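[1] Next one to model:
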Amino acid sequence: MGGHSHWAGIKHKKALVDAKRGKIWTRIVREITIAAKLGGGDANGNPRLRRAVDDAKAANMPAENVKRAIQKGTGELPGAVYEELTYEGYAPGGVAVLVEVTTDNRNRTADDVSLIFTKNGGNRGTAGCVSWMFKPKSLILVKKDGVAEDALIGDALDAGAEDVSTDVASVYEVYGAAADLEKIRQALADKKYPIESAENVMKPDTLVALDELGAAKLLKLVEMLEEHDDVKSVHTNADIPEDVLAKLA
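    The predicted structure is shown next:
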């Protein structure tokens, strides 16, 4: 986490196996539906929908499933009405946690998220209790292998990025304004940089350092939250040293 507070989410996504593919598809379908509802069903003119469709292809989702999800979003087909919500709280050790969800039943999801916090020694707070500590940013991870640091930094800044972090051993972290995600990603892709992922995140302004015990508790909480079908992403302001992450991995 530290300079890479997204770590737990990425680790979790990489660890998903085929047995959980249905859960992955459920989340992607919801994202496609909401993206189509908010920005229309044409992926060429809807960057959020285009990213969701790309995720569907990467997850080997059938094209018919994608089509139906888009049609549900545009109202051409009936379907559940989803809304996007954010829950806030604290993990053990005073770590701030933001939980972004997509749900068709906010009362059920709120109860489930509260229970997960409680079971893992944390507590769900009121709206605004920790969100002020985070800023929305785009985050593009570029693999370090064979990539010159100076060249990437120059190209990223030229593309509109605000910062490039080299803290993580295996990837460069390219940060920018949330609205500039697709613009920066496309510019780096055009220059053939090996992009590992591109997503919008909530970047913390300040960090809370954790030892191995605190990190283990936090990662258990994050993992349980991410396993919930309604949870889209989890953000924290935890600072976990790479050697501790390696032990826990």
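
[2] From now on I want contacts and neighbour counts done on CA atoms only, so please keep to that.
    Fine.

[3] Which parts of the chain are strands?
    Counting by DSSP state E, the chain has strands at residues 83-91, 95-103, 123-124, 134-143, 163-165, 171-177, 195-204, 208-209, 231-236, 238-239.

[4] I'd like to know which of those strands lies nearest to residue 220.
    Proximity to residue 220, assessed across these by C-alpha to C-alpha, is greatest for strand 83-91 (10.1 Å).

[5] and the closest one, which strands flank it?
    With DSSP bridges as the test, strand 83-91 is paired with strand 95-103 (antiparallel), strand 123-124 (antiparallel).

[6] Adding mean neighbour count, mean pLDDT and distance to residue 44, write those out as CSV.
    CSV is the format used below for the strands paired with strand 83-91 (neighbours: other C-alpha atoms under 10 Å; pLDDT from 0 to 100; distance: least, C-alpha to C-alpha, whole Å):
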stretch, mean neighbour count, mean pLDDT, distance to residue 44
strand 95-103, 23, 95, 24
strand 123-124, 21, 96, 39
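
[7] These: which one's closest to residue 138?
    strand 95-103 (15.5 Å).

[8] care to break the chain down by domain?
    The chain breaks down by automatic domain parsing into domains covering 2-74, 83-132+206-241, 133-204.

[9] Which of those domains sits closest to residue 249?
    domain 2-74 (8.6 Å).

[10] what about that closest one, average pLDDT?
    Taken as a whole, domain 2-74 has a mean pLDDT of 78.

[11] ditto for stretch 189-205
    92.

[12] what are the ranges of the helices in the chain?
    Ranges of helices in the chain, per DSSP state H, are 7-15, 21-39, 47-58, 63-74, 106-119, 149-158, 181-190, 212-227, 242-248.

[13] right, and the strands paired with strand 83-91 - which one's nearest residue 62?
    strand 95-103 (21.6 Å).

[14] Next, the angle from that closest one to strand 134-143.
    For strand 95-103 against strand 134-143, the angle by axes from the mean of the first three to the mean of the last three C-alpha atoms, to 10 degrees is 90 degrees.

[15] residues near the residue lying closest to residue 102 once chain neighbours are set aside, how many?
    Once flanking residues are discounted, residue 102 sits nearest to residue 84: 4.6 Å by C-alpha to C-alpha, 6 or more residues apart in numbering. By the measure other C-alpha atoms under 10 Å, the count of residues near residue 84 is 16.

[16] separation between residue 84 and residue 36?
    Computed as C-alpha to C-alpha, to the nearest Å, the residue 84 to residue 36 distance reads 14 Å.

[17] again, but for residue 137
    With C-alpha to C-alpha as the criterion, residue 137 and residue 36 are 22 Å apart.

[18] How about residue 61?
    Residue 61 sits 17 Å away from residue 36, going by C-alpha to C-alpha.

[19] cool, and residue 241?
    Distance from residue 241 to residue 36, by C-alpha to C-alpha: 40 Å.

[20] which of the two has more neighbours?
    Legend: neighbour count by other C-alpha under 10 Å for residue 241 and residue 36, higher for residue 36 (25 against 16).

[21] is it true that that one touches residue 76?
    No: between residue 36 and residue 76 there is no contact under C-alpha atoms under 8 Å: 10.9 Å.

[22] Since that was my last question, I'll sign off now.
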